[in-house]
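A.B. asks: Fold the following.
(2 chains)
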Protein chains: 2
Amino acid sequence: TIVGSYHNSSKLKLKRGSPREEFPCLDGNYTCMAQVLDLHMYTRQFNRATESGVIFDDIIRPGLEDPGPLAVGCLAGDAQSYILFCTFFDRVIEAYHSYKVVPHVIQQSDLNYDNLKGGDDFDHIYAVSCEVSVVRCVEDYCFPTHISRGERRELLTVAKEALAQLSEEFPGKLYSMDELNEEMKDKGIIMDAPPPSLMKIGVSRDWPDARALWVSEDGTLAIWINMEDHVRLVSSRNDANVQEAFAAVCVNLVKLEALYKKLRRPFVWKPHLGWVVSSPAELGTGMKASITVRLPHLAAHSRLRGLLSRLRLRMEATDVYKLSNVESIGLTEVELTQQVVDGVKLLVRIEKRLEQDDCFDDLLPAQK
Amino acid sequence: TIVGSYHNSSKLKLKRGSPREEFPCLDGNYTCMAQVLDLHMYTRQFNRATESGVIFDDIIRPGLEDPGPLAVGCLAGDAQSYILFCTFFDRVIEAYHSYKVVPHVIQQSDLNYDNLKGGDDFDHIYAVSCEVSVVRCVEDYCFPTHISRGERRELLTVAKEALAQLSEEFPGKLYSMDELNEEMKDKGIIMDAPPPSLMKIGVSRDWPDARALWVSEDGTLAIWINMEDHVRLVSSRNDANVQEAFAAVCVNLVKLEALYKKLRRPFVWKPHLGWVVSSPAELGTGMKASITVRLPHLAAHSRLRGLLSRLRLRMEATDVYKLSNVESIGLTEVELTQQVVDGVKLLVRIEKRLEQDDCFDDLLPAQK
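C.D. replies: Numbers count the residues shown, from 1 in each chain, chains lettered A, B, ... in the order given. The predicted model follows:
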């Protein structure tokens, strides 16, 4: 195996100028990385490298290539990145999640889906679909921007074993990208090229080598291997029953975690950071819950922005609207999903008022 | 300046498995790299790194991301790459250019455009436009896949000085990408994103930082800075007067070479390789001459493929056809351009025969 096998390091050095000469141009870059990064910070991080060879320039690369307005603008190359470059990452996490990392505060997990209230009782005229996803990374393996082909293949081997065992209780099948394309041909879905978003940030290197998708027979759960993170569980539904989607993810995540542990490949967890994954935007719980909703009146309303900010929800515009949690750290999985459930319910109530041209001041939430 | 300033190398090592575990999947990869690469070759190169930190995996990366059928499938990260990884590169060069690199054979240059015969006398019913381009890299700077922001900015500073001096004799203006977009807005040309082909192979990192375009006042010459190579001269014409295009490139290339040398930033040249540039497909002369031609009959003819192979020309299909030299090493600039000029003339003669349904066996060329 690869753990402990290193490149002959005596030869590898990089040719670069001084931090001042190398400092990136951040004009028009609205990522959290760009908010946090100045020459002083850059200089401080410049000559550091993790044990796997991740340098600071590797970490900010994604944000330089794809400076989207809502992005964090950086990715960890391995788990050690968060520790070695903590003065940078802690501030990025604070800027993105409005959560201050404190060394002695232990992150709490709550995967008990019974604790979630509601989520199966949306007005389905408004709430049309939902998705809950959780990402995890495996200890001692580089993260997708920095991983080697050999490491990726080892992770696929581990995933095959774990998923074969999961399938005994919860039937499902693992597909390579080639098998997936063959299977999906009739449905017009082809994954012969990686998503452009992954390509830009170097996560799709060697595509489709060692990428795989496990799908449960009942269609309620999908598990991606070696995409944005080592492991990603997704439950998507064509109704807005978030309770079911959340339960499907939680139940299998707990099983998968145990299976990986048994194979001596535990997921990375650190007390003060929670579940450690490649994006600081998903650190902590690794969780994203989203509900797609019809809100024609509210969408055009001047108070929408303020409302979303108070509810800590992000809204992506399609013809319908997709609402999801903004943060992933500082709250438990149940709390995050609860936020989405409650927030969407409130938004639907407001939308109904707007249909009748009614005032909704009495419904305005307090800041979450 | 950056030359001689290195990353603190004591820390930087890469986490990888054995060559066998890391060997790339080359299924469906038809590049020259994939033809040449086997586990034995990979193992031999695996632990080597140039003084600037280029490893073999960096070099084959472009061919793994973009395994186009006509591509070489690899790029040098610096000039030393060609020396350190010569057992690999020499075979790639041979596969692509049908030219065997021999240590004691010195590459010849011929930029005397008077030596080119014809090229201004095409039948313009057939030959509609042409382009001649030459690339160069500067000594002691990493090549575009591996260059740092600081190095790129230094090269722009050098280019500014050299081009200011060139402009004294041959008026022209240097534009940054922002200025270029402003200038070109009315013409509907926008370069706000790098070409996707560059993005895939990591050449457009930090775009548009330190990229620039110099354009001569008379419009006959363009010089790109920090694109596929450090410097690229292009002369494009809306007629097929290759002689003029070739002359425009040669005259200014000679001047530019002298100006860079005076600034103590000479272009990289090695006796047995000629002009050293990032792509082994352009090594030697760095030159590509192309003519776009209307050949409706010949294009559909069964003998076209054999003809092109004998003439050592590549043909790209559009509604018209663009013919250019295949190789760039082993022949001089004049000889390469002559090959294109003579080849296209022959193809036009054959096309005319085909219009009359005449046989053209007597026109078939010998293998060049």
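A.B. asks: Which stretches in chain A count as strands?
C.D. replies: Here chain A has its strands, by DSSP state E, at A:127-136, A:172-176, A:212-216, A:222-225, A:231-237, A:269-270, A:274-275, A:287-293, A:313-317, A:321-325.
A.B. asks: Pick the most deeply packed of those strands.
C.D. replies: Sort the strands of chain A by mean neighbour count, taking mean count of other Cβ atoms under 10 Å in any protein chain shown, and strand A:287-293 sits at the top with a mean of 26. C-beta here means a position set from N, CA and C on the backbone, and glycine is covered the same way.
A.B. asks: which residues sit in contact with A:Phe88?
C.D. replies: A:Val36, A:Leu37, A:Met41, A:Gln45, A:Phe56, A:Ile59, A:Cys74 (Cβ atoms under 8 Å, 6 or more residues apart in numbering or on different chains).
A.B. asks: so what's A:Ala193 closest to, chain neighbours aside?
C.D. replies: Distances taken as Cβ to Cβ, 6 or more residues apart in numbering or on different chains put A:Trp207 closest to A:Ala193, at 7.4 Å, once the chain neighbours are dropped.
A.B. asks: A:Lys270 versus that neighbour, what's the distance?
C.D. replies: As for A:Trp207, its distance to A:Lys270 is 30 Å (criterion: Cβ to Cβ, to the nearest Å).
A.B. asks: Same question for A:Asp110.
C.D. replies: For A:Asp110, the distance to A:Lys270 - Cβ to Cβ - is 18 Å.
A.B. asks: hang on, the earlier thing: what's the closest of the strands of chain A to chain B?
C.D. replies: Between chain B and the strands of chain A, the shortest gap by Cβ to the nearest Cβ is with strand A:172-176, which sits at 11.1 Å.
A.B. asks: re earlier: tell me the most packed of the contacts of A:Phe88, by neighbour count.
C.D. replies: A:Cys74 (31 neighbours; other Cβ atoms under 10 Å in any protein chain shown).
A.B. asks: For chain A, give me the ranges with low pLDDT.
C.D. replies: A:1-12, A:68-70, A:187-192, A:318-319 (pLDDT under 70).
A.B. asks: So for the residue nearest to the spatial centre of it, what's the nearest residue that isn't a sequence neighbour?
C.D. replies: The centroid of chain A falls nearest to A:Glu282 when counting by Cα atoms, centre = their mean (4.2 Å). The shortest distance from A:Glu282 to any non-neighbouring residue, by Cβ to Cβ, 6+ apart, is to A:Ser328 (5.0 Å).
A.B. asks: Phi first, then psi, for that neighbour.
C.D. replies: phi -140, psi 0 (degrees, to the nearest 10).
A.B. asks: if we can go back for a sec, quick check: the residue nearest to A:Ala193 touching A:Pro195?
C.D. replies: No. Look at A:Trp207 against A:Pro195 with Cβ atoms under 8 Å: they stay out of range, at 9.7 Å.
A.B. asks: More neighbours: the two, which one.
C.D. replies: Set A:Trp207 next to A:Pro195 and count neighbours by other Cβ under 10 Å: A:Trp207 wins out with 20 against 13.
A.B. asks: Tell me which residues touch the more buried one, please.
C.D. replies: Contact partners of A:Trp207, counting by Cβ under 8 Å, 6+ apart, are A:Met177, A:Ala193, A:Pro194, B:Glu65.
A.B. asks: For chain B, what is the nearest residue in the stretch 51-200 of chain A?
C.D. replies: Counting by Cβ to the nearest Cβ, the stretch 51-200 of chain A gets nearest chain B through A:Gly150, at 3.0 Å.
A.B. asks: Count the residues that sit near that residue.
C.D. replies: 21.
A.B. asks: One more: the one 3 residues further on?
C.D. replies: The burial metric for A:Arg153, expressed as a neighbour count using other Cβ under 10 Å, is 20.
A.B. asks: before we move on, what about the one 4 residues further on?
C.D. replies: Summarising burial for A:Thr157: neighbours were counted as other Cβ under 10 Å, giving 14.
A.B. asks: Could you check how many residues crowd around the closest residue to the residue of the stretch 51-200 of chain A closest to chain B other than its chain neighbours?
C.D. replies: Distance criterion Cβ to Cβ, 6+ apart; nearest residue to A:Gly150, sequence neighbours excluded, is B:Gly17 at 3.0 Å. Neighbourhood size, B:Gly17 [other Cβ under 10 Å]: 18.
A.B. asks: do A:Lys200 as well
C.D. replies: 17.
A.B. asks: residues touching it, list them.
C.D. replies: Contacts for A:Lys200 (Cβ under 8 Å, 6+ apart) come out as A:Pro62, A:Glu65, A:Asp66, B:Met199.
A.B. asks: Throw those residues into a markdown table and include neighbour count, thanks.
C.D. replies: Formatted as a markdown table, the contacts of A:Lys200 follow (neighbours: other Cβ atoms under 10 Å in any protein chain shown):
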| residue | neighbour count |
| --- | --- |
| A:Pro62 | 24 |
| A:Glu65 | 19 |
| A:Asp66 | 15 |
| B:Met199 | 18 |
